[in-house]
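*Asks:* let me see the structure of the following:
(2 chains)
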Number of protein chains: 2
Amino acid sequence: MRIGILGSGRVAQTIGNKLVELGHEVMLGTRDTKKLSEWTRSHGDGGTGRATAGSFSETAAHGEIVFNCTAGAASVAAVTAAGRSNLSGKILIDVANPLDFSNGTPPTLSIANSDSLAEQLQRTFPETHVVKALNTMNAALMTNPESVAGGDHTAFICGNDVDAKARVTGILTGWFGWKEVIDVGDITAARGLEMLLMLWVRLMGQFGSPMFNFKIAR
Amino acid sequence: MRIGILGSGRVAQTIGNKLVELGHEVMLGTRDTKKLSEWTRSHGDGGTGRATAGSFSETAAHGEIVFNCTAGAASVAAVTAAGRSNLSGKILIDVANPLDFSNGTPPTLSIANSDSLAEQLQRTFPETHVVKALNTMNAALMTNPESVAGGDHTAFICGNDVDAKARVTGILTGWFGWKEVIDVGDITAARGLEMLLMLWVRLMGQFGSPMFNFKIAR
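*Replies:* Sure, this is the predicted structure:
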């Protein structure tokens, strides 16, 4: 199917690579498509032909499903630039985190506690089904959960639309290989998923590696 | 040894019960010791003789190690009432969470992101070694991790003093039976441990049970 990915960085390219490999037609969206010339050359003209780059609005229009893989601080602007009508009725999988490095490392969050980035995106476009997902682990794990502990760990999702969450759960399990996806509630539960990053960055600092993930033991 | 536990609720009594069982002399601290008459009767006069109740300052003076098991909103006042000299040079194990239910359920945090309750307590008494621990699971698991998934999950600690963290790790593993204790850094890492509650309360809501815990898969 046609997938739009807002963003051009490591998360966007990792998810894009996997989707191209699975046979989907993938467009990555960016303000400056020159940044993606290497990616489209390796996958597009010189490769599968299924990898393209476009503006945020072209990418949103292209995708039957759209991922937000922009930096958290830029996400509301990027999704706004993608355009209300281009995203209306579609699933927007929000992978971004509102990390704020303005006071150094470790970061704080620019939105937290009584609001979240995912809620801001949902409020921006009420006709879009925002599903928070994949924001709680390193990019390398998102599409390859087996790379840590044989995949015995957890992906969390949340959102207001039950059908959209079922669809995203199917993408995570069927396309990306996740063994456990836990629905933590409506879009306000994204507060907890984004605030989890405050522990994630400390764990990464202690381990000296991002190759770990949370698992829920029951 | 002599242990002081600030608080009289379920967390304080659960930890107190376990420590009495292990043979320690335990004082629970409260503003109104009548609330603990049942607890001291069952463990104290009519039982082991090792369970007593006292004021916050009596409890802090009694303990060679002190737990903070008061409600997060009352913790700074309780620890202040416990008294600087009574806590000086001692380990204060901070189990509390700054949950704010003033806008209903699920709660927000009254302190988050750029500060934490544990940091407030550490700033209040710089001569005390504050170690955040056991705030990320239900009371029933704190002293009985085997009750979920055979104990195959994680307790997190943080604090500024390496020796104090080693001592608390020994308490968690040797006394309470934890198999994995992860040190997530200095006391500022308590932000991540307290913010984890925002996900914990959502998971409890989805599961309809508090009998789960986080595990780090590596």
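
*Asks:* so who does the spatially most central residue of chain A touch?
*Replies:* Chain A has residue A:95 as the residue nearest its centroid, 2.4 Å off, counting by Cα atoms, centre = their mean. Contacts of residue A:95 were listed using Cβ atoms under 8 Å, 6 or more residues apart in numbering or on different chains, and they are A:11, A:15, A:67, A:68, A:69, A:133, A:134, A:135, A:142. Where you see a C-beta, it was placed from the backbone N, CA and C, and this is true even at glycine.

*Asks:* now the residue nearest to the last one when sequence neighbours are not counted: how far from residue A:145?
*Replies:* Closest residue in space to residue A:142, ignoring its immediate chain neighbours: residue A:134 at 4.8 Å, by Cβ to Cβ, 6 or more residues apart in numbering or on different chains. From residue A:134 over to residue A:145 the distance is 10 Å, taken as Cβ to Cβ, to the nearest Å.

*Asks:* which neighbours do those two have in common?
*Replies:* Overlap of the contact sets of residue A:134 and residue A:145 (by Cβ under 8 Å, 6+ apart) consists of residue A:155.

*Asks:* give me the residues contacting the helix or strand bottoming out on mean pLDDT in chain A.
*Replies:* The weakest-scoring helix or strand in chain A, judged by mean pLDDT, DSSP states H and E, is helix A:37-40 (a mean of 90). For helix A:37-40, the surrounding residues in contact (Cβ under 8 Å, 6+ apart) are A:8, A:13, A:16, A:28, A:51, A:52, A:53.

*Asks:* give me phi/psi at the first one?
*Replies:* Meaning residue A:8. Backbone geometry at residue A:8, expressed as degrees, to the nearest 10, gives phi -130, psi 0.

*Asks:* check the closest residue to it other than its chain neighbours and give its pLDDT.
*Replies:* Using Cβ to Cβ, 6+ apart and skipping residues adjacent in sequence, the residue nearest residue A:8 is residue A:30, 4.0 Å away. You'll see residue A:30 listed with a pLDDT of 96.

*Asks:* and what of residue A:46?
*Replies:* The predicted structure scores residue A:46 at 64 on the pLDDT scale.

*Asks:* shaky segments in chain A?
*Replies:* In the predicted model of chain A, residues A:45-46 satisfy pLDDT under 70.

*Asks:* only whichever of the contacts of residue A:95 are buried, select them in PyMOL.
*Replies:* In PyMOL, this line selects whichever of the contacts of residue A:95 come out buried by 16 or more other Cβ atoms under 10 Å in any protein chain shown:
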select buried, chain A and resi 11+15+67+68+69+133+134+135+142
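
*Asks:* and residue A:164, what helix or strand is that in?
*Replies:* Secondary-structure element containing residue A:164, defined by DSSP states H and E: helix A:162-170.

*Asks:* how about that helix: buried residues?
*Replies:* Burial within helix A:162-170, assessed by neighbour count using 16+ other Cβ under 10 Å, is assigned to A:164, A:165, A:167, A:168, A:169.

*Asks:* now the second one: how far from chain B?
*Replies:* Residue A:165 sits 12 Å away from chain B when distances are taken as Cβ to the nearest Cβ, to the nearest Å.

*Asks:* how close does residue A:98 get to residue A:155?
*Replies:* As for residue A:98, its distance to residue A:155 is 19 Å (criterion: Cβ to Cβ).

*Asks:* OK, contacts around the nearest residue to residue A:216 once chain neighbours are set aside?
*Replies:* Nearest residue to residue A:216, sequence neighbours excluded (Cβ to Cβ, 6+ apart): residue A:154, at 5.1 Å. With Cβ under 8 Å, 6+ apart as the criterion, the residues that contact residue A:154 are A:180, A:181, A:182, A:213, A:214, A:215, A:216.

*Asks:* please redo it, this time with the cut-off set to 6 Å
*Replies:* For residue A:154, the set of contacting residues under the criterion of Cβ atoms under 6 Å, 6 or more residues apart in numbering or on different chains consists of A:180, A:182, A:214, A:215, A:216.

*Asks:* backbone phi and psi for the last one, please?
*Replies:* Recorded main-chain torsions at residue A:216 are phi -100, psi 120, according to degrees, to the nearest 10.

*Asks:* how much space separates it from residue B:145?
*Replies:* Here the distance between residue A:216 and residue B:145 works out to 14 Å (Cβ to Cβ).

*Asks:* looking at these two, which one has more neighbours?
*Replies:* Under the criterion of other Cβ atoms under 10 Å in any protein chain shown, the comparison of residue A:216 against residue B:145 puts residue B:145 first, with 25 against 20.

*Asks:* what about the closest residue to the more buried one other than its chain neighbours, neighbour count?
*Replies:* Nearest-residue entry for residue B:145: residue B:151, 4.3 Å, with adjacent residues in sequence omitted and distances by Cβ to Cβ, 6+ apart. Neighbours of residue B:151 under the rule other Cβ under 10 Å: 16.

*Asks:* what about residue B:151, distance to residue B:20?
*Replies:* The spacing between residue B:151 and residue B:20, counted by Cβ to Cβ, is 22 Å.

*Asks:* next: residue A:148.
*Replies:* Plainly put, residue A:148 is 41 Å away from residue B:20 if you go by Cβ to Cβ.

*Asks:* could you do residue A:74 as well?
*Replies:* 55 Å.
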